[in-house]
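K.L.:
Following is a predicted model, sequence given first.
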Amino acid sequence: MVALYPTVIQPLFNTFTPLPEGELRTMIEALASRINFPLTKLFVIDGSKRSGHSNAYFYGFFKNKRIVLYDTLLEHNTNDETCAVLAHELGHWDLSHNLKNFVTGLGELYGLFYMFSRVINNKNFYSSFGFGNQVGNAIIGFTLFGYLYGPIGNLTHLLRNIISRRYEFQADAYARNLGYAEPLSSGLIKLHLKNLSNMNPDWLYCMYHKSHPELLERLDAINESIPADPKQKAE
């Protein structure tokens with residue numbers, strides 16, 4: 001699905017246009033070259049026709065990477081701010097966050113299927129819920145397993161968000177170490193304002209429900225003088 005969405009699904013709803021030659025394109029190509037990102041194509045999509053949200057992302061495998069910028073991002077941000085937001089996204093690539101998330105997801109999926117295989121024909125499992133005479137019934141088995149896995153799923157959800165929030169701090173530090181501290185800070189503020197995000201949510205609610213740190217936390221970390229992640233190839 002990750003591979004199909006930008007190449008098959010999103011073009012059904014949005015128009016991809018090559019970013020014209022100019023200062024911004026030159027800056028992005030220089031950024032990609034600086035960190036050895038194998039950029040092959042650079043697009044702008046008309047995200048504004050469906051939403052006012054701003055975004056930037058990349059996709060592609062191996063040496064065939066493409067960058068996509070929302071027109072709303074270009075409209076409301078300076079070139080430096082756009083490059084700063086993009087540097088954050090490319091930080092996820094250079095720090096292998098996407099690969100780590102993929103491997104973690106596979107591990108979680110394996111654990112889910114393993115647990116299900118251990119209980120689907122287990123008489124004690126069915127008897128614990130009062131269905132001792134329904135061993136092997138797929139509908140009842142799936143339903144009961146949902147109750148069993150619910151608390152575990154809540155815990156893995158929390159752990160995923162904790163890891164994701166850490167990755168966001170690392171990507172911010174990556175962009176900062178490339179020299180984008182100020183434009184990244186101002187760009188994030190604009191993104192939160194434009195996307196109508198909560199600027200200062202409750203920290204406990206944010207920890208469980210949000211995959212990204214709250215804005216004030218990110219701004220404080222960006223302004224720190226010590227890198228949040230020692231792996232910075234672009235110093």
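P.N.:
That came through fine. Numbering: from 1, shown residues only.

K.L.:
Okay, now the unreliable bits of the protein?
P.N.:
Across the chain, the ranges flagged by pLDDT under 70 are 1-12, 50-52, 225-235.

K.L.:
Tell me which stretches of it form helices.
P.N.:
4, 23-34, 71-76, 79-94, 97-119, 123-128, 138-175, 181-194, 203-209, 215-222 (DSSP state H).

K.L.:
What are the contacting residues of the third one?
P.N.:
Contacts made with helix 71-76 from outside it, assessed by Cβ atoms under 8 Å, 6 or more residues apart in numbering, are listed as 24, 44-48, 51-56, 82, 85, 190-191, 194. (C-beta placed from N, C-alpha, C; glycine too.)

K.L.:
Restrict that helix to CA atoms and write it as CSV.
P.N.:
Extracted C-alpha coordinates of helix 71-76, given in CSV (Å, rounded to 0.1, in the frame of the first residue of the first chain):
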residue,chain,number,x,y,z
ASP,A,71,1.2,23.5,-3.4
THR,A,72,0.0,24.8,-0.1
LEU,A,73,3.4,24.3,1.4
LEU,A,74,5.0,26.4,-1.4
GLU,A,75,2.2,29.0,-1.1
HIS,A,76,2.6,29.7,2.7
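
K.L.:
Centre of the chain to that helix, how far?
P.N.:
Put simply, helix 71-76 sits 20 Å off its chain's centre (Cα atoms, centre = their mean, to the nearest Å).

K.L.:
And that helix, what's buried?
P.N.:
Of all the residues in helix 71-76, those buried under the rule 16 or more other Cβ atoms under 10 Å are Asp71, Thr72, Leu73, Leu74, His76.

K.L.:
rewinding a little: can I have the buried ones of the contacts of helix 71-76 as a PyMOL selection?
P.N.:
The command below creates a PyMOL selection of those among those that count as buried (16+ other Cβ under 10 Å):
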select buried, resi 24+44+45+47+48+54+55+56+82+85+190+191+194
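
K.L.:
before we move on, back to that, dump the buried residues of helix 71-76 into CSV; add distance to Asn154 as well.
P.N.:
Formatted as CSV, the buried residues of helix 71-76 follow (distance: Cβ to Cβ, whole Å):
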residue, distance to Asn154
Asp71, 38
Thr72, 34
Leu73, 34
Leu74, 39
His76, 37
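
K.L.:
re earlier: point out the one among the helices of the chain that comes closest to Phe16.
P.N.:
helix 71-76 (11.0 Å; Cβ to Cβ).

K.L.:
most tightly surrounded among the helices of the chain?
P.N.:
helix 79-94 (a mean of 22; mean count of other Cβ atoms under 10 Å).

K.L.:
can you list contacts of that one?
P.N.:
With Cβ under 8 Å, 6+ apart, helix 79-94 has contacts from 23-24, 27-28, 31-32, 35, 37, 56-58, 65, 67, 69, 73-74, 77, 97-98, 167, 170-175, 178, 180, 183-184, 186-188, 190-191, 233-234.
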